[in-house]
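Enquirer: can you look at this prediction? I've put the sequence above it.
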Amino acid sequence: MNPRTITRYTALMCAVLLTAACSKAPEQNTPEAQDASSEKTQAIVLLRGLPTLNTKHSVAIVELDPESDKFGEILQDFEFGEMKFPLHHLYYSPTGRLYATGLDTSCSLAEIKLVRDVKGAPQIKSYECLDTGGQVVGEDIMWHTSNGKEYMFVTFMGGGGLDQTDGGSVGVFDPQTNKVVKIISARKSKVAPGEPYIMYPHGISAYKDRMVIASTVHPQLTAVGNTITIIDLNTLSPIQTIVVEDAKPVGYPSSPVEVLFIRPSIVKDVPPGVLVNTMFGFETWNVPFNEADKTFGKPEKLYNGADEGTGVPLEFYGTETELFISHAIPGVVKRYHLNKLPKLVSSGPDIKAELGAHHMIFYPSSTGQKLIAVQNNLLNLGQKDDNDPTDIDFIAKLNDHSVTVHDLATGERLKTINFKEKYNKGIENIEALFGAGYVHHH
């Protein structure tokens, strides 16, 4: 796909992040007994019901072993009830608790009870929407320390309310009680000119006492960001805002979406820095970090998608040896040598998924073949042909509603499960069951 085609596809991309909703629901659809040894090939997914197809939003356990006759089967489907929109992203805490962010003001953060039944089989028991202290539209989560104490940090793109045109915040939570400890907020309109600000934060990553968050887009699509903001974890306050932007291939600000603080715990002896994917800029950047004086250097462009025929770079994932970056257009995952960072040196063939290539997990098949599964969607909305009220035509084109499974070494596609075709649902997010699907993300 050439850059001109990408530009046409992406001309409506500022509709990519919509306000969505979630709420509590009773337990249902208890699974049958399962062989616990098969868990390594199973994933937990967030599914989006489509109104005109009479399906409900849910969290489900799915078999993804391409060697199994049960490939693509839903082993348990826990529905969220009558809520309008689904939960959005799944995250495991260091102690194994499962959380989900949500895009609705009534349930922007939730804990999902994933347990084992009396036979040891995995079971989704319930979920609980958490008190966020008024923060809305949750996106990314990470666990990190501040002054020697561990906290759960959550980015909220809507900050203290959707009426805040320059809103956005980072919630600091006690990881044991889920209680709000502090809300880190600095609206651009409320700080002095030139002072650091937080706006529409999405991606989050940290190294020692420095945290970085990305400014993506207002939940109601009224504005797009072009910066990252540095937070001092000693004081839990923003100390610097850095513009990460060059060309505007589709006319919008760059919209930094995900960030990854490359650090020695990921790559031995790596020069620390922050990798930044810009959703509307089609680029990947590195912002060097001087560990001696804790300063950040001038952003350096590593990859230009408009030249390379890709658009809408989204996620960073990694194994022990490789870094993977998903590109929604044309639907590929590119791979790089981890030990060459911050340079992006190809480590193998592109993994050709589908439009909307986004999240991924890594796991072995039942016979030990190393696999990668790619979830293909930005936001699974409806389809115009179904007269679905959630449809945005362009977004539907970037939502294949599928998971493609590939041989990790060669990229060869082995199997595909299309959730819309099989279950009348889209797939919002994918995670490995009990959290063993990747080495690093944040």
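Expert: Arrived safely.
Enquirer: what's the helix or strand for A409?
Expert: For A409, there is no host helix or strand (DSSP states H and E).
Enquirer: hang on, it packs against I372?
Expert: No. When contacts are counted by Cβ atoms under 8 Å, A409 is not listed as touching I372 (9.7 Å). Heads up, the C-betas are built off the backbone N, CA and C, glycines and all.
Enquirer: which of those two has more residues huddled nearby?
Expert: Set side by side, A409 and I372 give different neighbour counts by other Cβ atoms under 10 Å, the larger being at I372 (25 against 12).
Enquirer: tell me the contacts of that one?
Expert: Listed by Cβ atoms under 8 Å, 6 or more residues apart in numbering, the contact set of I372 reads F324, V333, I351, M360, I361, F362, V405, H406, L408.
Enquirer: residue contacts, the first one?
Expert: Residues in contact with F324, defined by Cβ under 8 Å, 6+ apart, are E315, F316, Y317, G318, V333, K334, R335, Y336, I351, M360, I372.
Enquirer: and those, which of them are in strands?
Expert: With strands defined by DSSP state E, the entries of these inside them are E315, F316, Y317, G318, V333, K334, R335, Y336, I351, M360, I372.
Enquirer: pLDDT score assigned to the second one?
Expert: Reading off the per-residue confidence, F316 sits at a pLDDT of 96.
Enquirer: chain neighbours aside, what residue packs nearest to it?
Expert: L260 (4.2 Å; Cβ to Cβ, 6 or more residues apart in numbering).
Enquirer: about what we covered before: and the contacts of F324 as CSV, adding distance to A43?
Expert: Converted to CSV, the contacts of F324 look like this (distance: Cβ to Cβ, whole Å):
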residue, distance to A43
E315, 16
F316, 19
Y317, 14
G318, 18
V333, 16
K334, 22
R335, 20
Y336, 24
I351, 17
M360, 10
I372, 12
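Enquirer: quick one: low-confidence parts of the stretch 51-200 of the chain?
Expert: Judged against pLDDT under 70, the stretch 51-200 of the chain has no low-scoring part.
Enquirer: which residues of it fall in helices?
Expert: Shown for the stretch 51-200 of the chain, no helices are assigned by DSSP state H, counting those that start in this stretch.
Enquirer: out of the contacts of F324, which one sits closest to L114?
Expert: Proximity of those to L114, judged by Cβ to Cβ, is greatest for M360, which lies at 19.9 Å.
Enquirer: who's that closest one bridged to?
Expert: Under DSSP bridges, the beta-bridge partners of M360 are V374.
Enquirer: quick check, it in contact with L371.
Expert: No. In this structure, M360 sits apart from L371 without contact. The criterion is Cβ under 8 Å, and the distance is 10.2 Å.
Enquirer: and S38, helix, strand or coil?
Expert: helix (DSSP: H, G, I helix; E, B strand; the rest coil).
Enquirer: residues in contact with it?
Expert: Applying Cβ under 8 Å, 6+ apart, the residues near S38 are E63, D65, S366.
Enquirer: only the buried subset of those, as a PyMOL command please.
Expert: One line in PyMOL is enough to select the buried members of the contacts of S38, burial here meaning 16 or more other Cβ atoms under 10 Å:
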select buried, resi 63+65
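Enquirer: quick check, nearest of the contacts of S38 to N178?
Expert: Comparing these against N178 with Cβ to Cβ picks out E63 as the nearest, at 31.0 Å.
Enquirer: test my guess that that closest one contacts K70.
Expert: Yes. The pair formed by E63 and K70 meets the contact definition of Cβ under 8 Å, at 4.5 Å.
Enquirer: burial check on E195, number of neighbours?
Expert: Applying the criterion other Cβ under 10 Å, we find 13 residues in the vicinity of E195.
Enquirer: contact partners for it?
Expert: By Cβ under 8 Å, 6+ apart, the contact set of E195 is A186.
Enquirer: ok, it to T241 distance?
Expert: For E195, the distance to T241 (Cβ to Cβ, to the nearest Å) stands at 8 Å.
Enquirer: which parts of the stretch 101-250 of the chain are strands?
Expert: Secondary structure of the stretch 101-250 of the chain (DSSP state E, counting those that start in this stretch): strands located at 107-116, 122-129, 138-146, 149-156, 169-173, 180-184, 201-207, 210-215, 227-232, 237-243.
Enquirer: would you put the C-alpha positions of the longest one in CSV?
Expert: Presented in CSV, the C-alpha positions along strand 107-116 are these (Å, rounded to 0.1, in the frame of the first residue of the first chain):
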residue,chain,number,x,y,z
CYS,A,107,-16.6,2.5,34.4
SER,A,108,-13.2,3.8,33.3
LEU,A,109,-11.3,1.2,35.4
ALA,A,110,-12.3,-2.3,36.5
GLU,A,111,-10.9,-5.4,38.2
ILE,A,112,-11.8,-8.8,36.7
LYS,A,113,-11.8,-11.8,38.9
LEU,A,114,-10.0,-14.6,37.0
VAL,A,115,-9.6,-17.6,39.3
ARG,A,116,-9.3,-21.4,39.2
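Enquirer: can you list the buried residues in that strand?
Expert: Burial within strand 107-116, assessed by neighbour count using 16+ other Cβ under 10 Å, is assigned to C107, S108, L109, A110, E111, I112, L114.
Enquirer: could you list the paired strands of that strand along with their orientation?
Expert: In the sheet containing strand 107-116, its partner strands are strand 98-104 (antiparallel), strand 122-129 (antiparallel), by DSSP bridges.
Enquirer: the first one versus strand 138-146: what angle between them?
Expert: An angle of 130 degrees separates the directions of strand 98-104 and strand 138-146 when computed by axes from the mean of the first three to the mean of the last three Cα atoms, to 10 degrees.
Enquirer: what's the offset of strand 98-104 from the middle of its chain?
Expert: For strand 98-104, the gap between its own C-alpha mean and the chain's C-alpha mean amounts to 11 Å (Cα atoms, centre = their mean, to the nearest Å).
Enquirer: now do the longest one
Expert: Mean C-alpha position of strand 122-129 versus that of the full chain (Cα atoms, centre = their mean) differs by 21 Å.
Enquirer: tell me which of the strands of the stretch 101-250 of the chain sits most buried.
Expert: For the strands of the stretch 101-250 of the chain, average neighbour numbers computed from mean count of other Cβ atoms under 10 Å are highest in strand 210-215, which has a mean of 28.
Enquirer: next one: it to chain centre, how far?
Expert: With Cα atoms, centre = their mean as the basis, the distance from the averaged C-alpha position of strand 210-215 to the chain average is 15 Å.
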